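Engineer: I need the structure of the sequence given here:
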Amino acid sequence: MYTLNHSDSSDHQLLPLMTNTSLDIIRVDPETIFRVDQSGQLVVLYECQLQVPCGLHVEGTTSAVSAHLRRHGIFGPDSTGTMCTWGSCSKTLKKGSMPRHILAHLGVKVRCSVCGVVKCRHDLFRAHIKSSEPCHLAVAENVYGPEGRVLVPAGWDATHQV
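Structural biologist: Just a heads-up that it's a prediction; the model follows:
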């Protein structure tokens, strides 16, 4: 659990994060902390691995990754080419594809709630439910990547299921 310090004027907040073996301190942007605090929902965070890492942990969603890329100066027309510098990657792709591409680096996927098939992207999941009659009413279940860290809202206790 964490305590949100609303009076902290720094750009990023340090939060204790429980893992199964120890207490880690990670850096998370204030917007993520606010969203978790307001929603009461946990989020899964991943450490920035861009060529010039910022030390922040980012939520494993396309919108959060896109916002994080903008903080690194990666923005502009979606059709403009750019090079991925996540980890040791050097693939060239369109800027508009970068968030989805980074989610692949993170290992974030979706699982069909009906048949259990796992897809690496939401567009592929949507195509699956359109083409599979039994899965038309399925919902996407998140499959988190192996390096993900869970940020738990302050109000949670041991009775909450993850």
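Engineer: how much space between the most centrally placed residue in the chain and Glu133?
Structural biologist: Computing the C-alpha centroid of the chain and ranking residues by C-alpha atoms, centre = their mean puts Gly60 first, at 0.9 Å. Separation of Gly60 from Glu133 (C-beta to C-beta, to the nearest Å): 30 Å. Just so you know, the C-beta spots here come from the backbone N, C-alpha and C atoms, and that holds for glycine as well.
Engineer: how about Cys84?
Structural biologist: Counting by C-beta to C-beta - Cys84 and Glu133 are separated by 37 Å.
Engineer: any low-confidence regions in this protein?
Structural biologist: Along the chain, segments meeting pLDDT under 70 span 1-23, 157-162.
Engineer: run through the helices of it in chain order.
Structural biologist: Ranges of helices in the chain, per DSSP state H, are 30-39, 62-71, 98-106, 122-131.
Engineer: which parts of the last one are buried?
Structural biologist: Meaning helix 122-131. For helix 122-131, burial by neighbour count (16 or more other C-beta atoms under 10 Å) applies to 125, 128-129.
Engineer: what residues does it touch?
Structural biologist: Helix 122-131 has contacts (C-beta atoms under 8 Å, 6 or more residues apart in numbering) with 62, 110, 112, 117, 119, 135-136, 138, 140.
Engineer: would you format these as a markdown table with neighbour count and distance to His72 included?
Structural biologist: Formatted as a markdown table, the contacts of helix 122-131 follow (neighbours: other C-beta atoms under 10 Å; distance: C-beta to C-beta, whole Å):
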| residue | neighbour count | distance to His72 |
| --- | --- | --- |
| Thr62 | 16 | 16 |
| Val110 | 20 | 26 |
| Cys112 | 19 | 33 |
| Val117 | 15 | 34 |
| Lys119 | 18 | 27 |
| Cys135 | 18 | 37 |
| His136 | 10 | 39 |
| Ala138 | 18 | 35 |
| Ala140 | 16 | 28 |
